[in-house]
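**Q** dropping a prediction and its sequence here:
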Amino acid sequence: MKLWGGRFTKEENQLVHNFNESLSFDRKLYRHDIEGSIAHVTMLARQGIVSEEDREAIIAGLKGILQDLEAGSLVFTDEHEDIHSFVEANLIQRVGEAGKRLHTGRSRNDQVALDMKLYCRDEIGEIDKLVKGLMEEILKLMEANLDTFMPGFTHLQKAQPVTLAHHMGAYFEMFYRDRTRLEDIRKRMNYCPLGSGALAGTTYPLDREYTAGLLGFEGPTLNSMDSVSDRDYVIELLSALSLIAMHLSRFSEEIIIWNSNEYRFVELDDAYSTGSSIMPQKKNPDIAELVRGKTGRVYGALVSLLTTMKGIPLAYDKDMQEDKELTFDAIDTVKGCLALFTGMIATMIFRKDVMEASAKNGFTNATDAADYLVNRGVPFRDAHGIVGQLVLYCLERDMALEDMTIEEFKAISPVFEEDVYEAISMKTCVEKRVTLGGPGRTAMMRVIEICRERLEE
Ligand code: ARG
């Protein structure tokens, strides 16, 4: 059924209908479409534009549609062009004449802009909850692993010792920034487009402030042409989702590496791993790989919508209908990834002994050995050279710095004394890094306190 049959003399070509329709995907917006219509008609009646009786009939009809859709007794049928046409046609069927008055002072252009905003606003809330849930798991790991030593890497080469708490803290920061980004977007987008009409507002005495208030917006938008053609907030959301996906992907990559036979830093729970159809010994990190892999389609959505929007003259053009499928997909993808990833790290076992042994065997304390010499008057550049010789000596003998006897130390530099062992122990190396942001226990305890507050905000 068409909303616009009046000026046409021919039936729509079926292929045109199929190409043009959006009901097959924008049905996802039915709740928001109905919510917006209820607010609109409430305002129309308040302004005396429709009667109280019509308002009552329309609202009852809309609530009936919502109920029947949720109960499954009303199904979407493909003769309708989009969710807006579907709801209006159904309303008219249910309540007759009154239903025909709902669209007074409104266009599908401001209607779809509103639906998409209401949907994105709800989803921002859902995604935020999931990111918060993940951060809670990360914080638990931080609290439990202040003394779990592990190698910190640069160039994927062992660099300096850190702790698992410190490593996890890096991800806490990333996801914290993601949450603040979501909050920013919500604030910036929270203005109501309803009342903008097709592009140039309307001649009816609408109360846009009132509708905006009913729908939980900060106020009405200020330019009707911008209102119907603004999809900035969708692009911003896709950009925030891309960053979340990127963070999840980096984390996944580390888990895949840590779970490998070579590293063995972690062991994934059986429930979060999969086997091979041919190799009986395999236990694969498929979930982490899929999270990493799905990042591509989230980026794809962002680039796709940026490209769609770049050539659109004011105001509404049908190109904008292309915002829906990819946004729905990106949102569902990121929500799925967040839920799975959180479950995966909550059940994963960290092999603390393997991590610590790895930190010891990779000369991660070499910088601290050089600092030891500097503290005894040796210029840093010379100290660097001396420790370089120590490392070479150990490499040839397949041993760690702390395995050398004091005689061996002294043979390379007489400055070394017995206290060198204490100075280059894993514990000292980490504990001495006390400045805020470092892995030392006191610094980490302060940071954990701040992290906890951030989660309670
Ligand atoms: N399905 C359309 C969309 O998603 C709704 C707006 C249609 N407006 C119009 N003038 N054709 O953008």
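**A** That came through fine. A quick note: this is a predicted structure, and the numbers were derived from the prediction, not measured. Numbers count the residues shown, from 1 in each chain.
**Q** straight-line length of stretch 183-196, end to end?
**A** Using C-alpha to C-alpha, to the nearest Å, the end-to-end distance of stretch 183-196 comes to 26 Å.
**Q** could I get the buried residue list for that stretch?
**A** Neighbour counts using 16 or more other C-beta atoms under 10 Å place Ile185, Arg186, Met189, Asn190, Tyr191, Cys192, Pro193, Leu194, Gly195, Ser196 of stretch 183-196 among the buried residues. The way it works is simple: take the backbone N, C-alpha and C, and place the C-beta from them, glycine included.
**Q** the first one: what's it in contact with?
**A** Applying C-beta atoms under 8 Å, 6 or more residues apart in numbering, one finds that Ile185 lies in contact with Ile124, Tyr233, Glu236, Leu237, Ala240.
**Q** run through the protein and note the low-pLDDT ranges.
**A** The chain contains residues with pLDDT under 70 at 1.
**Q** ok so, going back, ok, the contacts of Ile185 vs the ligand, which is closest?
**A** When these are compared for distance to the ligand, the smallest value, 14.8 Å, is given by Tyr233; criterion: C-beta to the nearest ligand atom.
**Q** re the thing from before, looking at the contacts of Ile185, which has the most residues close by?
**A** Counting neighbours by other C-beta atoms under 10 Å, Leu237 comes out on top of those with 28 neighbours.
**Q** okay if I get the contacts of Ile185 as CSV plus distance to Ala315 and secondary structure?
**A** As requested, these are exported to CSV (distance: C-beta to C-beta, whole Å; DSSP: H, G, I helix; E, B strand; the rest coil):
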residue, distance to Ala315, secondary structure
Ile124, 25, helix
Tyr233, 16, helix
Glu236, 20, helix
Leu237, 21, helix
Ala240, 26, helix
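**Q** can you show me the strands along the stretch 251-400 of the chain?
**A** In the stretch 251-400 of the chain, strands defined by DSSP state E, counting those that start in this stretch lie at 266-267, 349-350, listed in chain order.
**Q** return the most buried member of those strands.
**A** Using mean count of other C-beta atoms under 10 Å, the stretch among these with the greatest mean number of neighbours is strand 266-267 (a mean of 18).
**Q** report all helices and strands that that one contacts.
**A** For strand 266-267, the packing partners by 3 or more C-beta pairs under 8 Å, 6 or more residues apart in numbering; DSSP states H and E come out as strand 349-350.
**Q** and the strand it packs on, what does it pack onto?
**A** Counting by 3+ C-beta pairs under 8 Å, 6+ apart, the packing neighbours recorded for strand 349-350 are strand 266-267.
**Q** what pairs with the strand it packs on, parallel or antiparallel?
**A** Each strand paired with strand 266-267, and its direction, by DSSP bridges: strand 349-350 (antiparallel).
**Q** which residues are in contact with the strand it pairs with?
**A** Residues contacting strand 349-350 (C-beta under 8 Å, 6+ apart): Leu141, Asn145, Thr148, Leu164, Phe265, Val266, Glu267, Asp269.
**Q** can you put those in TSV and add distance to the ligand?
**A** Compiled in TSV, the contacts of strand 349-350 are given as follows (distance: C-beta to the nearest ligand atom, whole Å):
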residue	distance to the ligand
Leu141	43
Asn145	48
Thr148	51
Leu164	47
Phe265	48
Val266	45
Glu267	47
Asp269	42
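**Q** and the furthest pair within those?
**A** Thr148 and Asp269 (18.7 Å; C-beta to C-beta).
**Q** the two: which has the busier surroundings?
**A** Summary of the neighbour comparison: Thr148 and Asp269, criterion other C-beta under 10 Å, with Thr148 having more neighbours (22 against 14).
**Q** how close does the closest residue to the more buried one other than its chain neighbours get to Phe350?
**A** The shortest distance from Thr148 to any non-neighbouring residue, by C-beta to C-beta, 6 or more residues apart in numbering, is to Leu164 (4.0 Å). Separation of Leu164 from Phe350 (C-beta to C-beta, to the nearest Å): 6 Å.
**Q** isn't Tyr119 right up against Arg27?
**A** No - if you go by C-beta atoms under 8 Å, Tyr119 and Arg27 don't touch, sitting 11.8 Å apart.
**Q** between the two, tell me which one has more neighbours.
**A** Neighbour count, other C-beta under 10 Å: between Tyr119 and Arg27, Tyr119 has more, with 21 against 17.
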